[in-house]
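[1] sequence first, predicted coordinates after that:
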Amino acid sequence: AQTVTQSQPEMSVQEAETVTLSCTYDTSESNYYLFWYKQPPSRQMILVIRQEAYKQQNATENRFSVNFQKAAKSFSLKISDSQLGDTAMYFCAFMKQVPDKLIFGTGTRLQVFP
Amino acid sequence: NAGVTQTPKFQVLKTGQSMTLQCAQDMNHNSMYWYRQDPGMGLRLIYYSASEGTTDKGEVPNGYNVSRLNKREFSLRLESAAPSQTSVYFCASRLQGVNSPLHFGNGTRLTVT
């Protein structure tokens, strides 16, 4: 069975600084997808970024980027120029192609300070 | 564009009572999911449905039943609620194929006393 591990329960960063959230996963699959979701206090689940395992290029979405290391089974999220609105829980998630069940890590609570 | 709609938003039950959480999506998605979220445990998959009429257990299915009667709707039933089922429940849906993400409802906060 696939597992997803987020080893940092809580992190904090000052506004405008850069922070990296860690995620590792365990799988024997070669084709799969990885996601980072953000959950602000509103409880809404918001997609931050996604990565296909067959793509070597790291995904980027504005201030958010990933460092995908397939051999190491690592998928970290880097947030540049942190903003107060980035304060949220961040979940790393793994999905096989079939069946397309999404498995989540336990989350990292990020606090951005002014 | 409603997306994924869950009802109710909040519910309080007494131990032993039953209830059904409703979920509907209007995006013509194939796959639908029910998760529960507990502090320190992230989101755990309860049940999954790849298509109308099919369901599959997730990580924590005990105490729950689901029904996928049509493509739009996927309901979660608690037959005899227990305090351990106090949680926030999320429904989600996804279009199969490529790397499309899950789209989530706004969640149901359930308290069992």
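    That came through, no problem. Because the structure is predicted, anything quoted here is derived from the model rather than measured.
[2] which residues sit against the helix or strand in which A:Phe35 is found?
    For A:Phe35, the element it lies in under DSSP states H and E is strand A:32-39. With contacts defined as C-beta atoms under 8 Å, 6 or more residues apart in numbering or on different chains, strand A:32-39 is touched by A:21, A:23, A:25, A:45-53, A:64, A:66, A:68, A:75, A:77, A:86, A:88-97, A:102, A:104, A:107, B:99, B:101-102. C-beta: built from backbone N, CA, C; applies to glycine.
[3] for the closest residue to A:Glu10 other than its chain neighbours, list the residues it contacts.
    Using C-beta to C-beta, 6 or more residues apart in numbering or on different chains and skipping residues adjacent in sequence, the residue nearest A:Glu10 is A:Arg109, 4.7 Å away. Residues near A:Arg109 by C-beta under 8 Å, 6+ apart: A:Pro9, A:Glu10, A:Met11, A:Ala88, A:Met89, A:Tyr90.
[4] who's A:Arg109 bridged to?
    Residues in a beta bridge with A:Arg109, per DSSP bridges, are A:Glu10, A:Met89.
[5] partner strands of the strand ranked longest in chain B, parallel or antiparallel?
    Ranked by number of residues, the top strand in chain B under DSSP state E is strand B:42-51. Here strand B:42-51 has these sheet partners by DSSP bridges: strand B:31-38 (antiparallel), strand B:54-57 (antiparallel).
[6] which of the residues in the helix or strand hosting B:Gln6 are buried?
    Taking DSSP H and E as the criterion, B:Gln6 maps to strand B:4-7. Within strand B:4-7, the residues scored as buried using 16 or more other C-beta atoms under 10 Å in any protein chain shown are B:Val4, B:Gln6.
[7] again with stretch B:15-31
    Neighbour-count burial for stretch B:15-31, counted by 16+ other C-beta under 10 Å, picks out B:Leu21, B:Cys23, B:Ala24, B:Gln25, B:His29, B:Ser31.
[8] out of the contacts of strand A:32-39, which are buried?
    Neighbour-count burial (16+ other C-beta under 10 Å) is assigned, among the contacts of strand A:32-39, to A:21, A:23, A:25, A:45, A:47-53, A:64, A:66, A:68, A:75, A:77, A:86, A:88-97, A:102, A:104, A:107, B:99, B:101-102.
[9] quote the end-to-end distance of stretch A:53-69.
    Start and end residues of stretch A:53-69 are separated by 9 Å (C-alpha to C-alpha, to the nearest Å).
[10] circling back: following the strand holding B:Gln6 in sequence, what is the next regular element?
    strand B:10-13.
[11] from A:Gln2, how far off is the most centrally placed residue in chain B?
    Closest residue to the average C-alpha location of chain B: B:Trp34 at 2.8 Å, with C-alpha atoms, centre = their mean. Using C-beta to C-beta, to the nearest Å, B:Trp34 is found at 18 Å from A:Gln2.
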